[in-house]
Structure formats: C-alpha cells, structure tokens
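>>> sequence? don't have it. structure:
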Ligand SMILES: Cc1cc2nc3c(=O)[nH]c(=O)nc-3n(C[C@H](O)[C@H](O)[C@H](O)COP(=O)(O)O)c2cc1C
C-alpha cells in the first residue's frame, strides 16, 4: 500500500507528537520513503534525533538555514503525500488561512497532491468553534481529516480531541493513495515454519522466519481487513491482527481449518513440514542409546483442506522452490488455488530470513508473472492489489 511511496510527515507541538515516532516507523516498515518536518514547538515534545534515526533523514524545520535553497518547493516536488500528525489548533488555523510563515504550511501550499491531517488537542480546545471552523475550511479545500478520536487525553482527562491512532492514519492514507479498501474483509494468513518434535528437546524444522507472512498480515490490516494470523513465530502487534500461536503442522491445520471457514481470503505463506517423526519420544533421546531410527509420516495437507471447503475462501498458496519455479505452475493447477506465489529460496535476496523476496505469481490457468526482487512489504502490497482486483466485481 505504501511501498515505494514518498511521504512527508509533519509534526506539530502537541503531546500526541510522541505517537508520531511510531507512525514514522510504521511508514518505514510499510516500505515508504519518509521525510519529516517539525514545527519549533514540536521539538518540545519529540526529539528530532529520534525521527532522524527512524527515517534515516534529519527533520527539516525552517525555510532558511536548511541545506536546500528552497526547501518547501523541493520537498513538495518530492512527495506523493503529506501527513500532518498531530495537527495543533495553531497549525490548523495557519493551514486554513494559508499562512505559510512556517516550512510545514509553506510545503503544503506548494504541494498539489493529497494532504491528510490528524487534529489533536484537549477537548476544551476542540470544542471551541475556531478549530472546527478551520477543519471545515480545510475539508472544503480537499484536505483529508482523520479523527480526532474520543478517549484518554494527557493529564488524565477524557473526551474528544485525541489524535487518531497511527494504524487508522495508515489506513486512511492507503485509501487516499488509491489502495483498494479492505474494510470488512476477513483475512486468514499463516506464517513461519512448523516444528515437528523428535523428542521434548529436538524438532524437525525449516528456515522460515515468518517475515513474508507477517508483511502480508500487516498490509491487509493496514488496508482495514480483520486479520487472523496463524503463526509459529512472534506476531506483529496491530489492532486488527489476532494471532494464534501454533508449533506443529497438526496444530496449524486445526487452527487454519477452523478459521478458513470464516474467512473471505486465506493466504497460506507458512512453510509447513511435509513429514514429521511418526513416534515422537516422551523423554530426551540420549547419545548413549545410539543413533535413533527416525521413522517419518505425512503431515496434513493444509492447503488441500482449505481448497476442499464449501464455500471456500479465495485461496493463495506459497511454494518454496529450490531453483527455477518450474514445478509451481503444475502445483497451482493441481492444488486448485486461486493464486500460487512461488519463490526460489536459494536465490540471493529471496526466501527465508531475507528482507527482500523475488517471486513468480501463478494464476489458476498456470499463467504466471515474475516480479522483480523487492522488499517483502512491497511484495505484500502488490499481492493484495492483485487479490483485491481479482475479487472485486
Ligand atoms: C504541555 C502542552 C501541550 C500542548 N498540547 C497541545 C495539543 O495537544 N494541541 C494543540 O493544539 N496545542 C497544544 N499545545 C499548544 C501548542 O504547543 C502551541 O499552540 C504551539 O504554538 C503550537 O505550534 P505549532 O502548531 O507550530 O506546532 C500544548 C502546549 C503545551 C505547553
């Protein structure tokens, strides 16, 4: 959704600025390129160094004294979107009036793309007619307003005026930038590699890190879907992701088959063992006992179980290949999936544990597209774009 997008995050002088650091990190995690502009008051609430460390670029503050001769026009020409979070009453007023006497408002005025503003202030300020009048004026100028929400405020008070949560701002930005909304979609994702016990200490496992599945889950949640993530690894924290921790293929199958019946889309990105020890020992196998025979037996075919459901969700399978994904086309047809994502786990920059992935995506008819190596967040975004397009009438 945000992969490769260039976002300017404007931060103004409210207590909610502490959440802006997290918002910047979420943008970066989603694959966006992020630059920040802080008002002078904002620096009272959040350290510029924090933003520099998160985004890789120091914040800009002023028209004069920055490296750029004309920072407002340079930044406006660079950006795909501007997000101001939190937006104080003072900044709302300057924005509504077009008072470009600070770099942030000047950049907004020089920018012709989408602007998203998240007001935040104490309820007593929000209930004054001035900020509401300014928000209405901004809306009529085409600015997108997110929030404010009602809830706990700094100082122990409660009421309307609280900044929208970073995840809500992410979802709103995705919509503004044209990513299809997935609000109301029920999505099931699996991630990680299963571990099949040999004894209480040892297991047969694989190298899956869960990063690809996590990126797919986060992208769907950011687009507004309600996501169930069945995983053997640590799950990302997100208000719209419910994680179910499992370890073995049997446990994953039980969780997936139960949840898939309730899902609109199932993306099975986990690396599930095809075989497991037939008779896991109850106590540790000792060296002194000699080399044990390791009889293996099949694990359940989770993908086939979901494909057989009536009605079944839109089904996306993943195939880890070693070498060219030649077997994947046949697998896409044989497994009766709607999409099959094949990746060569032995290629550089692709597969287990890497931050990037190079995949080929096969349709039901075996036709396929090879995607270039890109971040796992970007693969996730492109995959959801494809799924949304295929599922929409
Ligand atoms: C502790 C403290 C918290 C503040 N929180 C807010 C706030 O949440 N929202 C707001 O509109 N103003 C808040 N203000 C007032 C702004 O910091 C002040 O209006 C400032 O001039 C805003 O400048 P800026 O919009 O250029 O950042 C706060 C001030 C203080 C001292």
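Thanks, I have the structure now. Note that the structure is predicted; figures quoted are calculated from it, not measured. Numbering: from 1, shown residues only.

>>> any idea of the mean pLDDT in stretch 360-379?
For stretch 360-379, the mean per-residue pLDDT is 84.

>>> list the contacts of that stretch.
Residues outside stretch 360-379 that contact it (CB atoms under 8 Å, 6 or more residues apart in numbering) are 2-4, 29-31, 211-212, 215, 218-219, 325, 328-333, 336-343, 349-350, 354-359, 382-383, 386. Every C-beta, even on glycine, is put in place using the N, C-alpha and C of the backbone.

>>> and if we set it to 6 Å?
Here stretch 360-379 makes contact (CB atoms under 6 Å, 6 or more residues apart in numbering) with 3, 30-31, 211-212, 215, 325, 328-329, 332-333, 340-342, 349, 356-359.

>>> off-centre distance for that stretch?
Centre-to-centre, stretch 360-379 and its host chain are 18 Å apart (CA atoms, centre = their mean, to the nearest Å).

>>> now do stretch 214-233
The chain centre lies 7 Å from the centre of stretch 214-233; the measure is CA atoms, centre = their mean.

>>> quick one: average pLDDT of it?
Across stretch 214-233, the average pLDDT comes to 94.

>>> buried sites along the stretch of helix or strand residue 18 belongs to?
Residue 18 is located in helix 17-29, with elements delineated by DSSP states H and E. By 16 or more other CB atoms under 10 Å, the buried positions in helix 17-29 come out as 17, 19, 20, 21, 23, 24, 25, 26, 27, 28, 29.

>>> so which of these sits lowest on pLDDT?
Of all these, residue 29 carries the smallest pLDDT score, 89.

>>> from the ligand, how far off is that residue?
Distance, residue 29 to the ligand, using CB to the nearest ligand atom, to the nearest Å: 26 Å.

>>> from the buried residues of helix 17-29, which single one is nearest the ligand?
Taking CB to the nearest ligand atom as the measure, the ligand sits nearest to residue 17 out of these, at 8.4 Å.

>>> wait, doesn't that closest one sit right on residue 9?
No: judged on CB atoms under 6 Å, residue 17 makes no contact with residue 9 at a distance of 10.7 Å.

>>> so what secondary structure elements neighbour the helix or strand harbouring residue 75?
Element membership of residue 75 [criterion: DSSP H and E] is helix 71-78. The elements that helix 71-78 packs onto, with contact taken as 3 or more CB pairs under 6 Å, 6 or more residues apart in numbering; DSSP states H and E, are helix 103-109.

>>> model confidence score at whichever residue of the stretch 201-350 of the chain sits closest to the ligand, please.
Of all residues in the stretch 201-350 of the chain, the one sitting closest to the ligand is residue 239 (21.9 Å; CB to the nearest ligand atom). Note on residue 239: pLDDT of 84.

>>> wait, a strand at it?
No: Residue 239 is assigned coil when assessed by DSSP: H, G, I helix; E, B strand; the rest coil, not a strand.

>>> count of neighbours near it?
By the criterion of other CB atoms under 10 Å, residue 239 has 10 neighbours.

>>> in this structure it contacts residue 167, no?
Yes: counting by CB under 6 Å, residue 239 does reach residue 167; the two are 5.5 Å apart.

>>> need the residues of the stretch 201-350 of the chain near the ligand, please.
Residues of the stretch 201-350 of the chain lying near the ligand by CB under 6 Å from any ligand atom: none.

>>> strands along the stretch 201-350 of the chain, start to end?
203-204, 226-231, 241-245, 265-268, 275-277, 296-298, 314-321, 339-344 (DSSP state E, counting those that start in this stretch).

>>> and the ones you listed: which comes nearest residue 157?
Comparing the strands of the stretch 201-350 of the chain against residue 157 with CB to CB, the closest turns out to be strand 241-245 (30.2 Å).
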